[in-house]
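Student: Any chance you could fold what I've pasted below:
(chains A and B)
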Amino acid sequence: MGYIHDTHCAQYIPPTAFHCVTGTFTDAAGAVTGTIAKHRAAAASTAVINIPIMLPSNSIAQKGAYLLSVEVDYELLLDVATSVTASMNRVTRGADTAVAVVAAVTVTQDLAAAVAAATENQHKLTVTLTTPVWIDNDQEFLLVLTIVCGATVTVDLLGAVANYELKL
Amino acid sequence: MVHDTHMSQYIPPTLFHTPTGTWTTIAGQVTGTIVRHLAAADQSGLVTIPIIIPSNASPQKGAYLTSIEVDFEILIAACDALSAVVNLVARGADTAVAVVTAQTFTYDEGHDTAAERDDLDQHKMTLTLTTPIWVDNDQYVLVEITVDQALTTQVDFLGAVANYTLRL
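Tutor: Numbers count the residues shown, from 1 in each chain, chains lettered A, B, ... in the order given. Here you go, the predicted model:
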């Protein structure tokens, strides 16, 4: 039986997997022909996008995926946003008849929320876990992108990529 | 080391990107199956399938994509036309756009003519890349299906399967 410890694994997460609330979101062609986007229409409100991190998990400690960072590709169009802030939640699934338990995971983002991340431009936002995590089979991880929008800005969410180590 | 040449990834229809037409999530023609259903309308629309296979930052590791199979059913009346494009998307750095490159592929012999692709029937259409792709962590693959419906044509998309070699 083999042994794998690959430190350079990544997983593309399409925008169609994103959970988007507050605002009008539609499937739309991306600004670059051939790309796809989840498009948010202009509205002066705060959009919350939950990105489910779809990685293999494992019921054995320190096996499966060791989540390091998540990159989010998005585009702000027509205007700047007020801010784009990333956070992360670990959801521990509930047993039958029990609710799930949510705990915040400490992360840092490479683009400042109200400055570089919020400009009218194409963006690749890298969100790094302060302490990487082994994903247990009873856990889910959600990257939360909170975008404070003015009246004019529209948002194209292009996708995300999770970077992880895989140990099997 | 793992080098498995027979890996496959099911991609459910719920992840398909469906920007044009009236789409609903309904039961498939066969009880127990699920589909994204395109309602009748005399129009041409695009369905994009995100290929959610693992990628890797190391060269020639991760997934080596060889083919994609798309399962769909054309109902009531034949389409006017149906065709596919396979695009490799190189993600943009922050402030840069993505770059899309169409990949050369062949249809299976049951779909290599227009009449075979658009007829009233169940379809399993295989797109085989002429040159398979090692998918880098800064890339992803999208399959575009252009559906030109006749007035009464309905289409059910059941899902897709990506076939690849996994090396870790």
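
Student: Can you give me the pLDDT of residue B:1?
Tutor: Note for residue B:1: predicted pLDDT of 86.

Student: in terms of contact, does it touch residue B:168 like I think?
Tutor: Yes. Contact status for residue B:1 versus residue B:168: in contact at 6.9 Å, counting by CB atoms under 8 Å. Quick note: C-beta positions are derived from backbone N, CA and C, even for glycine.

Student: Find the residues that touch each one of these two.
Tutor: Shared contacts of residue B:1 and residue B:168 (CB atoms under 8 Å, 6 or more residues apart in numbering or on different chains): residue A:4.

Student: Comparing those two, which residue is more hemmed in?
Tutor: Neighbours were tallied for residue B:1 and for residue B:168 using other CB atoms under 10 Å in any protein chain shown; the higher tally belongs to residue B:168 (20 against 9).

Student: State the distance from that one to residue A:146.
Tutor: Applying CB to CB, to the nearest Å, the value for residue B:168 to residue A:146 is 35 Å.

Student: Kindly check the end-to-end length of stretch B:47-56 for me.
Tutor: Taking CA to CA, to the nearest Å, the first and last residues of stretch B:47-56 lie 27 Å apart.

Student: Can that stretch be said to contact chain A?
Tutor: Yes. On the criterion CB under 8 Å from any CB of the partner chain, stretch B:47-56 is in touch with chain A at B:48, B:50, B:51, B:52, B:53, B:54, B:55, B:56.

Student: So what's the residue count around the nearest residue to the last one once chain neighbours are set aside?
Tutor: I take that to be residue B:56. Among residues not flanking residue B:56 along the chain, residue B:62 sits closest, at 2.8 Å (CB to CB, 6 or more residues apart in numbering or on different chains). If you count neighbours by other CB under 10 Å, residue B:62 ends up with 27.

Student: go on, residue A:115?
Tutor: By the criterion of other CB under 10 Å, residue A:115 has 11 neighbours.

Student: pLDDT wise, what is the residue nearest to residue A:57 when sequence neighbours are not counted at?
Tutor: Ranked by CB to CB, 6+ apart and with sequence neighbours excluded, the top spatial neighbour of residue A:57 is residue A:135, at 4.1 Å. At residue A:135, the model reports a pLDDT of 96.
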